[in-house]
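My questions are about this predicted structure, shown below with the sequence.
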Amino acid sequence: MNILIKNLLEKHRLRMAPRAFDESFYKWMEAVEKELDVFFISCAGLTREEYSALKKLLGKAPPELQLYYSKSTPWDYDIDEFFDRFARIQEACMSRLVKKAAISPDEAKNRIAKSPSLWPISISIHSTTLAFSDEVGRLSVISGNIRGGFGLGRPLAMGLRNYFTMRVINHLAWIETDVTTSSTEVGLQPEILAVGEWPEEDPPRHVLIDCFGLENEKRQEGGKLQERNS
């Protein structure tokens, strides 16, 4: 644990999250939310109808997501939020593939169909977070934001434990900054990004990451440059 995170947790009388995403993690998150008076994760699982609708669209959920959906709901209002966002993300990805890879719309559609399913993790008015399971079963969390914030397809974290822990650390760091700094800017700090444990070598691959990777790298470097010049 780096010194920044250690100090942030100690200041708010919190301990570091358990390593596993299980019941102990939910208990830790409950204590964090009570201490900070902020909600990071829903405490009401999907209905049978909602889960069946997701399964019909995306297939069988990976084990970690099965636990998540049994205890939490990823959207603010209803499942239609996700279906609408999913369709727009697919459209953006296909358009980008046709332009970047110089392939036909049918070829782009086929490439997207062959990629791992994108599961909803957090669907709100301001942001979209998705996850997929790669060819070796690693659950990988990425941004689904089409505009603003973390860019579409931007790698965030390996697994739900790291993702939600990173959100907590990001919030703790943000409330220590001045009011003109956004939480997105704060989240670009290397110490906070490291909480996500996204591997530099042999990272998970997805067509969404491949499509928008360059734009996200430029956006991240731009954020770091802005911080250095401020």
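Good, I have the coordinates.

Three-state assignment for residue 9, please.
helix (DSSP: H, G, I helix; E, B strand; the rest coil).

Now for it: which residues touch it?
15-16, 172 (CB atoms under 8 Å, 6 or more residues apart in numbering). Where C-beta positions appear, they are placed from N, C-alpha and C, glycine not excepted.

try 7 Å this time
15-16 (CB atoms under 7 Å, 6 or more residues apart in numbering).

before we move on, what about residue 191?
Neighbours of residue 191 in contact, by CB under 7 Å, 6+ apart: 2, 4-5.

got it, and residue 2?
residue 191.

at 8 Å instead, please
191, 194.

Give me the buried stretch members for stretch 144-156, please.
Residues of stretch 144-156 classed as buried by neighbour count (16 or more other CB atoms under 10 Å): 144-146, 149-156.

Quote the end-to-end distance of that stretch.
10 Å (CA to CA, to the nearest Å).

now stretch 62-76
OK, stretch 62-76 end separation, CA to CA: 22 Å.

Which residues does that stretch contact?
Contacts with stretch 62-76, where a contact means CB under 8 Å, 6+ apart, come from 21-22, 26, 41-46, 50-51, 54, 61, 81-82, 119-125, 131, 133, 137, 139, 159-160.

what are the ranges of the strands in the chain?
Secondary structure of the chain (DSSP state E): strands located at 119-123, 128-133, 139-143, 155-158.

Rebuild those as CSV, extending it with mean pLDDT.
Converted to CSV, the strands of the chain look like this (pLDDT from 0 to 100):
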stretch, mean pLDDT
strand 119-123, 97
strand 128-133, 97
strand 139-143, 97
strand 155-158, 96
